[in-house]
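Q: Structure for the following, please:
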Amino acid sequence: MDFPLGPDETARLRALLDMDIVDRQRDPELDALCDEARAIFLVPHALVSLIDATRQVFLGRSGLERSETPRSMSFCNYAILGDDVFVVEDAHADPRFMDNPLVTGEPFIRFYAGAPLVYLKDIRLGALCLLDSRPRKFTLGERAELAAMAEAAVSILVSRAFPDRLEAPPR
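A: As a prediction, the model looks like this:
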């Protein structure tokens, strides 16, 4: 395995399976959220990614045509390890990512910011992330705004998974 796993990996994968959303079609509402994120943060790419056992799938995307990548190449895999926004200001200077094919090749990621998509208080399904081909700083205010947008993405995902319910089922 080429990537770290969180202590809740089994529960996380079970939640994705129960929600049955990983292999759904690209979602126009999530695409719109990604368009908004690109405009707010002035980045060329924004994605709503879900991380399953071996891959990351983009259910929402703006500025990138790729629909998935192997999990081993995923920056978002690191974002789901904690509750805070995960930031890589310069991937060329970060030993975890400097040799990543997404850094050395298209889309030439230098900057990454990912807010975990937190479901049921402790299950991180994936991330709402921003990508740029230039290194950059990311302020506390920007982190808070991205985290709020990630909450909106979770609401959309839950509404797709449980369309007949007002809220997600209790665990």
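Q: can we go C-alpha only for contacts and neighbour counts from here?
A: Noted.
Q: show me where the protein has helices.
A: Under the criterion DSSP state H, helices of the chain are mapped to 9-19, 28-41, 76-79, 101-104, 140-161.
Q: So which of the ones you listed is nearest Arg61?
A: Nearest of these to Arg61, taken as CA to CA: helix 28-41 at 5.1 Å.
Q: Skipping its backbone neighbours, what lies nearest the residue nearest the centre of the chain in space?
A: In the chain, the centroid-proximal residue (CA atoms, centre = their mean) is Ala127; its distance is 2.1 Å. What sits nearest to Ala127 in space, not counting adjacent residues and going by CA to CA, 6 or more residues apart in numbering, is Pro116, at 4.3 Å.
Q: my read: that neighbour touches Leu130, true?
A: No - taking CA atoms under 8 Å as the definition, Pro116 is not a contact partner of Leu130, at 11.9 Å.
Q: between these two, which one's more packed in?
A: Shown here are Pro116 and Leu130; by other CA atoms under 10 Å, Pro116 has more neighbours (32 against 25).
Q: Let me see the confidence value for that one.
A: At Pro116 the predicted local confidence, pLDDT, stands at 97.
Q: again, but for Leu120
A: 89.
Q: Tell me, how many residues neighbour it?
A: By other CA under 10 Å, 12 other residues sit near Leu120.
Q: go on, Leu30?
A: For Leu30, the tally of surrounding residues (other CA under 10 Å) stands at 23.
Q: ok, Asp8 to Pro116 distance?
A: For Asp8, the distance to Pro116 equals 14 Å [CA to CA, to the nearest Å].
Q: Okay, now the unreliable bits of this structure?
A: Scanning the chain for pLDDT under 70 picks out the ranges 1, 165-171.
Q: mind redoing it with 50?
A: 1, 168-171 (pLDDT under 50).
Q: was I right about the residue nearest to the centre of the chain contacting Tyr119?
A: No - Ala127 is not in contact with Tyr119 according to CA under 8 Å; the separation is 11.2 Å.
Q: can you tell me which residues contact Met73?
A: Taking CA atoms under 8 Å, 6 or more residues apart in numbering, we find Met73 in contact with 100-102.
Q: again, 6 Å this time
A: Met73 sits next to no residue when contact means CA atoms under 6 Å, 6 or more residues apart in numbering.
Q: cool, and Phe162?
A: If a contact means CA under 6 Å, 6+ apart, then Phe162 has no contacts.
Q: What's the separation between it and Glu65?
A: Phe162 is 27 Å from Glu65, by CA to CA.
Q: same question, Gly114
A: Per CA to CA, Gly114 is found 18 Å from Glu65.
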